[in-house]
Every structure is written in structure tokens, then in C-alpha cells.
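Student: sequence-free structure coming up:
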């Protein structure tokens, strides 16, 4: 995997000077490379990984399983487009296995999400069934441990 | 009151305690210290390796191993040296599994050195060679390696240090604390002096997997005429992040390994059983982990070297281990003053170069065996410290 992308995925707040030093490339090259990734749509954006548990502003998320009947011409893509159009939907994945789509849906309350599934999702033409799983707690997200401090005490001892 | 000094062995009493300790004691007193002083991997042992250790315990494999180590481990070590360095060692006669590389160093010194023998030790280097030589009855002869030589051992310096009593050369590369490596051409020059003067070499290759810039470690045993004169010391601590398992090994001429085995047998019996099962897995399936950790160290290395040079502390590019050895003499402080003030004023712990030999004066050892996040915070504090020193000097 591209080392620059790997580093940015780990921490998008590295400066170009730091990235250049770590990768042993000139800073200009790194800036140009990032620009190019952005222009080509390979880098879609930069977001913070937030531990919402410690923030008062609370919300609920659920993973929704969706079974659908694929369309003759457009397969699953049309269904994906329809799901993506809702603001409540954070992520849409086409799955292999017992159901077709997995959606991450966000709402202020469980009731919000229940209503969204009942009224908006399950009524889409082609949706055969839905299954709703509320997310209770996030322990790890995008490679980051959310529930424990990142800086765990260094247990190594200086021995010589 | 009993005066214990009359009972204590005078050789051990005369040996100074390690210089690294003092700063660690200060650091322990503070609760917000950022340390760059630790000399072991920050990675945990890769899971599949730990798992094999656990599985061996589940199966109840809790007995002593054979004195020299499990035959499968000996075979794997032998295969590893063949695969990585093109060297052939018989698992049965030329390989010994020890409690860390440290035990192997001690065994080799005690099996080679007799009273009056001189042992040449390049410094700055790991702190154990000198005291262990003294305890073996030998006389340490120090060679100071220099910044301008990128801390490599020069054949001319070696030649100048040799006397009629010289028996052994310790070759500690890739080097702790400087990060220096020896390339094949360097080793060939050393080898010709060693052969000319009929010496033995103890090659401590514990950092052999941690070399950077596309330079693979070269063992002096692979230089013509050196195989029969070299005892290679290695282990699992640094390559596989297995420090706490305490497992190392020695490879060398059968008659020497036989004597070392005897001493090991009486002093230690055998290396830890659980660790040996884990180590077999490390050698069988650990190559990818080694690459992953090396790549990570390499990124940190570049970042740290770049930062020090940018701060105005000149830092030669270390091509091995996980230390940088910046020169701090431009600050006008001694190594010890620098480290003391840095820890008191900025709560950052690094180790004075003098802990690794008198010629480490003017340098500090900085370990980059820490997360990038940790390194960035520590480097920012060191930068502040340097800035304040400069401002103070100008006033």
C-alpha cells in the first residue's frame, strides 16, 4: 500500500514537512502528491475520529441489514443510490452473505431510527426485508481504541 | 556488624553501576516525564508468536528443555542464518540457545578469556562488554570510534590497539547507542587485521534485522577467513520484540560452543521452555512482522534525525538499531549537564553518551522506540529547550 496514504490514514494531521521527513522525500513532492490524490478523488476528505461517549451531544446509530431484489438493468447500484440519498444514512456497503446491504444510520433517538426504517427504508420498491441492530457502544473505530486512553502507561523498564 | 567488603569479590566490587540508571531514577520521580531513553522495542510480541507460547503452556509443556535448546529451535536458527546471511552452522554442534544474547556474551567471554588476555572493545557501545571482560579476568582495551567515521571501527585504530596479549575483538554492530553499522568493505579491512594477528571475534548481531536504507546486515563471519574465528551472538529480543522472553543464541566453532554449552549447563541448565516454543514460531512465520516493525522504525528514524538536524544539533544518519546519537557540544553543555537540564526543565529523558564510554562525551542517545505521537511531543520539548539555551547564551 502507498506509504503516504497509509500515514495519512493513521493521522491526517501530520504536516507535509513531517511526512516528507518520514518518507525520505522532498516536501514539494509530498504536497504535490497529496494535491494529486485530492484532485483524482482518491483522498475524499479528512475527518476527526471522535469518542462521542464523552460529548454531551448524543445520538444513536444502528446497523441496518437490507435484503433487496436487484434490478434487471442496474443491479444493486440503483438501490445503493436511493439509500445514499438519505441524510440519516452514514454508510452504505454491498455485502456478501445472507443479506445484500449494510447501512449505518444515525438518528437522535432510537425512535427516530425505528421510524426511518419503517417509513422510508422498507417502503422503497425492491426492499424485501430489513433487520435493525442498534450500536450500544464503540470500542474501536477506524483503527483507534476509543474506550481506553491511547497513551497507556509505558510498562517498559530501563534495565541497563 | 559484619564488614561484607572482606567477603565480596573485589572484581565485582570495583565495577561501576550502569550510568543509564541515574537518569531513570530522576525520571521516576516525575509524573509527566516523556522518555526517549528505553532500549527495547515498543511493539508487543506479534500475536501468533505469543499464541505459540500460550499453546505450549496449555499443552502442559512446562519441563526443562535440552541444555542446548530444543532441536527444532536449533534447526530453525541454523536455517535462519543460512537464509539471511549465507552462513552454515550445524544445529547439533555449532548452535547454543541462551537466556538472552547477554548470557551468550558472558559465556563466550568466560570461555575465551584468561587472566592477562586483552579484549578490544570499541566504544560507545552497549555497557556489558567491559564488566563481563573484567569478571572473566581479562583486560578491556577500549577503542574510541568517532563521529567523523560515522562511528565505524577503523582497521587502523584496531591495529594500533593490538598488543602481544590481545586475544579477542568485540564487534558490536549494528551499534547501540550510535546506530552505526559496518558494511562489507569495513569488515574486510577489520578481518585482515584480525587474521594477521590471529585474534578471535565476538560479533554481537542482536540488531541485525534493524538496518535501514536498503543496507542488509553483513556478519563478519561471512568474510573470507573469519568464519572459523567468529562467535556470533544474536537473539529474539530486538528482531521480534521479544525482550521479556529472554532468549538468545550463540553460533560458532564447535570446540568453543562445546565449552560454552558446558558452562551454560552448569550455570543456567537451559533457556526458558515457553520462550523457545514461541521462538520457533517467530523463525518459521515471523519475517513479515520483522519487515513491518523495521518499516515503522525507519519512518521514526527519519523523522527524528531530520528534527535534530533542523534544531541545529548535528546528527549523523544512523543506519541501524533504533537510536540516534546527536552531537550536543554546540550547546556548550556536557552530555550529563544536557541530560540533567533537559529532564529538569522539560521533563524529557534521554541518556548521556558517556554512559556508553568516555568517548560518548558531547553526545546523547535518543531512542525512537516510541510511537510517532510520543516522539513528536518529545521532539517539540527538546526544540524548546534548545531554543531557550540559545536565547540564554545570546543574552
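Tutor: Nice, thanks for sending it over. Quantities reported herein were computed from a predicted structural model and do not represent experimental measurements. Residues are numbered from 1 along each chain as shown, chains lettered A, B, ... in the order given.
Student: Let me see the contact set for residue B:381.
Tutor: Residue B:381 is in contact with B:34, B:346, B:347, B:348, counting by Cβ atoms under 8 Å, 6 or more residues apart in numbering or on different chains. (C-beta placed from N, C-alpha, C; glycine too.)
Student: how many neighbours does residue A:43 have?
Tutor: 17 (other Cβ atoms under 10 Å in any protein chain shown).
Student: Distance of it relative to residue A:15?
Tutor: 16 Å (Cβ to Cβ, to the nearest Å).
Student: And residue A:84, by the same measure?
Tutor: Counting by Cβ to Cβ, the gap from residue A:84 to residue A:15 is 34 Å.
Student: Also residue B:229?
Tutor: Taken as Cβ to Cβ, the span from residue B:229 to residue A:15 is 50 Å.
Student: between those two, who's got more neighbours?
Tutor: residue B:229 (21 against 11).
Student: ok, residue B:323 touching residue B:367?
Tutor: Yes. Between residue B:323 and residue B:367 there is a contact under Cβ atoms under 8 Å: 5.5 Å.
Student: Are there residues contacting both of these two? Which ones?
Tutor: Counting by Cβ under 8 Å, 6+ apart, the residues touching both residue B:323 and residue B:367 are residue B:39.
Student: What is the neighbour count of residue 39?
Tutor: Chain wasn't specified; assuming chain A. Using other Cβ under 10 Å, residue A:39 has 9 neighbouring residues.
Student: Please refer instead to chain B.
Tutor: Around residue B:39 there are 22 residues (other Cβ under 10 Å).
Student: check contacts around it.
Tutor: A:158, A:160, B:176, B:323, B:367, B:369.
Student: buried stuff in the longest helix seen in chain B?
Tutor: Secondary structure assigned by DSSP state H gives helix B:287-311 as the longest helix of chain B. Across helix B:287-311, burial judged by 16 or more other Cβ atoms under 10 Å in any protein chain shown covers B:289-290, B:293-294, B:296-309, B:311.
Student: one step back: neighbour-wise, which one of the contacts of residue B:39 leads?
Tutor: residue B:323 (28 neighbours).
Student: Next, the contact list for that one, please.
Tutor: Taking Cβ under 8 Å, 6+ apart as the test, what residue B:323 contacts is B:39, B:176, B:177, B:178, B:179, B:365, B:366, B:367, B:368.
Student: again with residue B:154
Tutor: Residue B:154 neighbours (Cβ under 8 Å, 6+ apart): B:145, B:189.
Student: Quick check: phi and psi on it?
Tutor: phi -90, psi 140 (degrees, to the nearest 10).
Student: and for stretch A:89-97, what are the contacting residues?
Tutor: Outside stretch A:89-97, the residues that reach it (Cβ under 8 Å, 6+ apart) are A:61, A:76, A:80, A:83, A:84, A:100, A:101, A:102, A:103, A:104, A:105, A:106.
Student: Helices - which of these land there?
Tutor: A:80, A:83, A:84.
Student: Assess the claim that the second one and residue A:66 are in contact.
Tutor: In other words, residue A:83. Yes. In this structure, residue A:83 is within contact of residue A:66 by Cβ under 8 Å, at 7.4 Å.
Student: Among those two, which residue is more densely surrounded?
Tutor: A count of neighbours by other Cβ under 10 Å puts residue A:66 above the other of residue A:83 and residue A:66, at 25 against 22.
Student: which residues sit in contact with that one?
Tutor: Contacts of residue A:66 by Cβ under 8 Å, 6+ apart are A:79, A:83, A:99, A:100, A:101, A:102, A:103, A:121, A:127, A:129, A:130.
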